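Participant: Make a model of this:
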Amino acid sequence: MNEKNTYDVIVVGAGSVGTPAAMFLAAEGLRVLLLEGYASPGQGSNKAAIGGVRATHSDPAKILLCQKSLEVFTTWEERTGVDVGWKPGGYCFPVYTGGLRDQLQGILPMQKKFGLDIDWLDADGIAQVVPGIERRGLLGGTLSPRDGQVSTLKASVAFQREGQRLGVDLHVKEPVVGYAINAGRIEGVRTEKNIYFAPRVVIATGADAIAHGRMLNTHFPVTPDSHEAGISAPVEQFLPPLVVDMHEGPEGKTANFYFGQVHSGQIIFCYTPKKAFLGHNRENLSEFMPVLASRLTTLIPRLRNLLIRRTWRGLYPMTPDGRPILDWVPGAEGALAAVGMCGQGFMLGPGVAA
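Facilitator: Numbering: from 1, shown residues only. Here you go, the predicted model:
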């Protein structure tokens, strides 16, 4: 066994989970190898995320994980001197139907039990935090001011550099092609270039989880589902929260949509397709901007002259129950799966990693 190629932990996948995981492991004094098939970290689903981070979920496990993520993001610049584009302002869920009102108000007691700063605002209150919002039919909504937004690109680079400062060995353009398992225990990882040894391996491979499950003689029920997003030219700051409109669109194509104004002034936006686009295809669709523009300008008419800079498409690694898979791999003792973040990998990432 080559001592140079021997580590305490190998992390496979330098994305939303893997990059901070390697950093936190190195901070514990462990010798860590971070392997990535792309040319640099964050080039999978991470860079496609729009950067919203909230702890105000309905699942207690996600609440706890994202509370840790928020702690990491909100204190990062103070602790390291590095700007990750943190913008406070919270999340706002405006409500136009009685059913959604009852649903959101129904989970408020549970959310408050976990110490979350979230409240129901009447229509006037929502209109104050979301200037220009359509008032017809507006019943109110929730606001969680301690949530916020982060630059996915800046955060990825920040975690990478801090990890390397702590001693992480980062190998890019080196996809994993197999895992070494002996007598039911993980012993290492094979790449296209080399073999590396470690008694612990973290699998953080996002939308490619199924392929890695096969290499480990198991099945990760993770199905990629593509979503499109876009960003505008910068405008004067006017929108503090990230806004989530949960109702289905009248065009029959959108289950919901969400948008926010990032720290540098651009409006960033995305919608959830009513019919899932399954698979790894990340090509832009011609229907995205007409559909999104209609939803955005219907909710906030003042945005009708917004200049759009670009659009892109990323993958949501979905699980059957919408919950992440965080567990030891059967038949490969020492291998830990951290996959299936269901489109919330960026906000869950630091919490899962820690």
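
Participant: Okay, helices next: where are they in this structure?
Facilitator: 18-27, 60-80, 98-113, 123-129, 152-165, 209-215, 288-299, 345-353 (DSSP state H).

Participant: Specify the angle between the second one and helix 98-113 in degrees.
Facilitator: So the one you mean is helix 60-80. 60 degrees (axes from the mean of the first three to the mean of the last three C-alpha atoms, to 10 degrees).

Participant: I'd like the average pLDDT over helix 60-80.
Facilitator: Averaging pLDDT along helix 60-80 yields 98.

Participant: helices or strands up against it?
Facilitator: In terms of contacts (3 or more C-beta pairs under 8 Å, 6 or more residues apart in numbering; DSSP states H and E), helix 60-80 is packed against strand 52-53, strand 148-149, helix 152-165, helix 345-353. Yep, even glycine has a C-beta here, placed from its N, CA and C like the rest.

Participant: Low-confidence ranges, the protein, go.
Facilitator: Filtered on pLDDT under 70, the chain yields the residue ranges 1.

Participant: 80 instead, please
Facilitator: Counting by pLDDT under 80, the low-confidence segments of the chain come to 1-3.

Participant: Leaving out sequence neighbours, find the closest residue to residue 26.
Facilitator: Leaving aside its chain neighbours, residue 26 sits nearest to residue 166 (3.8 Å; criterion: C-beta to C-beta, 6 or more residues apart in numbering).

Participant: likewise residue 30?
Facilitator: Residue 30 sits nearest to residue 8 (C-beta to C-beta, 6+ apart), 4.0 Å away.

Participant: Please look at that neighbour and residue 32 and confirm they touch.
Facilitator: Yes: between residue 8 and residue 32 there is a contact under C-beta atoms under 8 Å: 6.7 Å.

Participant: Compare the two (neighbour count), which wins?
Facilitator: residue 32 (27 against 15; other C-beta atoms under 10 Å).

Participant: my read: that one touches residue 12, true?
Facilitator: No: with contact defined as C-beta under 8 Å, residue 32 does not count as touching residue 12 (11.7 Å).

Participant: shared neighbours of residue 8 and residue 32, which are they?
Facilitator: residue 25 (C-beta atoms under 8 Å, 6 or more residues apart in numbering).

Participant: domains of the chain?
Facilitator: When the chain is parsed with automatic domain parsing, its domains come out as 3-69+152-222+321-353, 87-146+223-316.

Participant: With residue 79 as the reference, name the closest of the ones you listed.
Facilitator: Nearest to residue 79, of all the domains of the chain, is domain 3-69+152-222+321-353, at 9.6 Å by C-beta to C-beta.

Participant: Contacts for stretch 105-119, please.
Facilitator: 55-56, 58, 60, 63-64, 67, 120, 142-146.

Participant: what residues are up against the nearest residue to residue 282 once chain neighbours are set aside?
Facilitator: The shortest distance from residue 282 to any non-neighbouring residue, by C-beta to C-beta, 6+ apart, is to residue 313 (4.6 Å). Residues near residue 313 by C-beta under 8 Å, 6+ apart: 48, 226, 227, 228, 229, 281, 282, 283, 284, 285.

Participant: Pull out the buried members of the residues you listed.
Facilitator: By neighbour count, with 16 or more other C-beta atoms under 10 Å, those hold 48, 226, 227, 228, 229, 282 as buried.

Participant: I'd like these written out as a markdown table, with distance to residue 347 added.
Facilitator: Putting the buried ones among the contacts of residue 313 into a markdown table (distance: C-beta to C-beta, whole Å) gives the following:
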| residue | distance to residue 347 |
| --- | --- |
| 48 | 14 |
| 226 | 19 |
| 227 | 15 |
| 228 | 19 |
| 229 | 15 |
| 282 | 21 |
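
Participant: Is there a neighbour count for residue 36? I'd like the number.
Facilitator: 26.

Participant: Isn't it up against residue 171?
Facilitator: Yes: taking contacts as C-beta under 8 Å, residue 36 lies within contact range of residue 171: 7.0 Å.
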